[in-house]
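Chemist: With the sequence up front, the predicted model follows.
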Amino acid sequence: MKALIRLELTRALRNRKFLFFSVLYPSMLFLLIAGSADSTTEVDGTGLTLPTYMMVSMASFGALTAVLMGNSERIAKERESGWVRQLRLTTLPGRGYVLAKTASAAVVSLPSIVVIFVVAAVVKDVRLDAWQWLALTGAIWAGSLVFAALGVAIGYSATGDAVRPITMIIYFGLSLLGGLWMPTTAFPQWLQDIAAWVPTHAYAALGQAIEQSQAPHAKDLVVLVVSFALFTGGAAWLYRKDTLKA
């Protein structure tokens, strides 16, 4: 499995288009949204300034891009090319393939998080304690595993031609409803009630709690744990189903 993870990392790091959209694109969006904002105006109901709030949102968005977009399309194409069928002839167990995909995607998500933090600190003068920077990095990085598992599930549920539009719909839906592009406090109340149960909203809320020097809300942790269990279970079931069809 270690060899497969190394291979996946090498392939991802050589993909310049993938690196642009997962690493540089979120930073550009951050500067577009928060570039003209001052350092005193707070986002309603959060106690955080717009640059500080959007830093976590865009770091989460970058990690989401890396693990979701990368996994789903690559797996669907590998299934059609016969690569997955070849792997089944080796001693690698099915769970090893799923874990390798999830782990390699999570590693690739780390640069997008770090770049956003550097841009926010240098350009918008975002200042946090050392423990907060470390906790933010760990929380956002670990939380990306939830969406890495979702990417694996999508890759096994869609064909090579259909995987991109399906992934894009889910990707944009999660980003918008989760409040990664704009604070959910700007939504009508009925949409805020829905957004509160979206995993990307809980994902960003972890980072925002750390910025506020508060413990994460139990509800957000439950949403993420349940989502991870569902996505991982779905990925494993779809993998076994795909194996039986082969």
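Modeler: Everything's here; your move. Residues are numbered from 1 along each chain as shown.

Chemist: For the residue nearest the centre of the chain, list the residues it contacts.
Modeler: Residue closest to the average C-alpha location in the chain (C-alpha atoms, centre = their mean): residue 64, at 2.0 Å. By C-beta atoms under 8 Å, 6 or more residues apart in numbering, the residues touching residue 64 are 144, 147, 171, 174, 175, 180, 200, 203. Bear in mind the C-beta positions are built from the backbone N, C-alpha and C, glycine included.

Chemist: In which helix or strand does the fifth one reside?
Modeler: Residue 175 belongs to helix 163-177 when assigned by DSSP states H and E.

Chemist: Downstream of the longest helix along the chain, the next helix or strand is which one?
Modeler: The longest helix of the chain (DSSP state H) is helix 94-123. Counting by DSSP H and E, the next helix or strand C-terminal to helix 94-123 is helix 130-157.

Chemist: Which positions in that next one come out as buried?
Modeler: 133, 135-137, 139-141, 143-157 (16 or more other C-beta atoms under 10 Å).

Chemist: same question, stretch 156-168
Modeler: Under the neighbour-count criterion of 16+ other C-beta under 10 Å, stretch 156-168 has 156, 157, 158, 163, 166, 167 buried.

Chemist: closest to residue 195 among these?
Modeler: Taking C-beta to C-beta as the measure, residue 195 sits nearest to residue 167 out of the buried residues of stretch 156-168, at 20.5 Å.

Chemist: wait, residue 198 sits on residue 174?
Modeler: Yes. Counting by C-beta atoms under 8 Å, residue 198 does reach residue 174; the two are 6.5 Å apart.

Chemist: which residues of the chain score low on pLDDT?
Modeler: 1-19, 21, 81-98, 101-102, 243-246 (pLDDT under 70).

Chemist: The same query, at a cut-off of 80, please.
Modeler: For the chain, the stretches with pLDDT under 80 are 1-23, 35-41, 44-46, 69-71, 73-75, 77-108, 160, 236, 239-246.

Chemist: how far does stretch 154-167 stretch from start to finish?
Modeler: End-to-end distance of stretch 154-167: 7 Å, with C-alpha to C-alpha, to the nearest Å as the criterion.

Chemist: Kindly provide the distance from residue 68 to residue 37.
Modeler: 27 Å (C-beta to C-beta, to the nearest Å).

Chemist: Same drill for the two, tell me which one is more crowded.
Modeler: Legend: neighbour count by other C-beta atoms under 10 Å for residue 68 and residue 37, higher for residue 68 (28 against 16).

Chemist: Residue 180 against residue 204, yeah?
Modeler: Yes. Under the criterion of C-beta under 8 Å, residue 180 makes contact with residue 204 at 6.1 Å.

Chemist: that older thread, could you say which helix or strand holds the residue nearest to the centre of the chain?
Modeler: In the assignment (DSSP H and E), residue 64 maps to helix 50-64.

Chemist: what's the spacing between that helix and its chain's center?
Modeler: Centre-to-centre, helix 50-64 and its host chain are 11 Å apart (C-alpha atoms, centre = their mean, to the nearest Å).

Chemist: Please apply the same query to stretch 105-117.
Modeler: Using C-alpha atoms, centre = their mean, the distance from the centre of stretch 105-117 to the centre of the chain it belongs to is 10 Å.

Chemist: Apart from its neighbours in sequence, what residue is nearest residue 71?
Modeler: Closest residue to residue 71 apart from its sequence neighbours, by C-beta to C-beta, 6 or more residues apart in numbering: residue 151 at 2.9 Å.

Chemist: Please name every helix or strand in contact with the host helix or strand of residue 32.
Modeler: Assigned by DSSP H and E, residue 32 belongs to helix 25-34. Judged by 3 or more C-beta pairs under 8 Å, 6 or more residues apart in numbering; DSSP states H and E, the packing partners of helix 25-34 are helix 50-64, helix 94-123.
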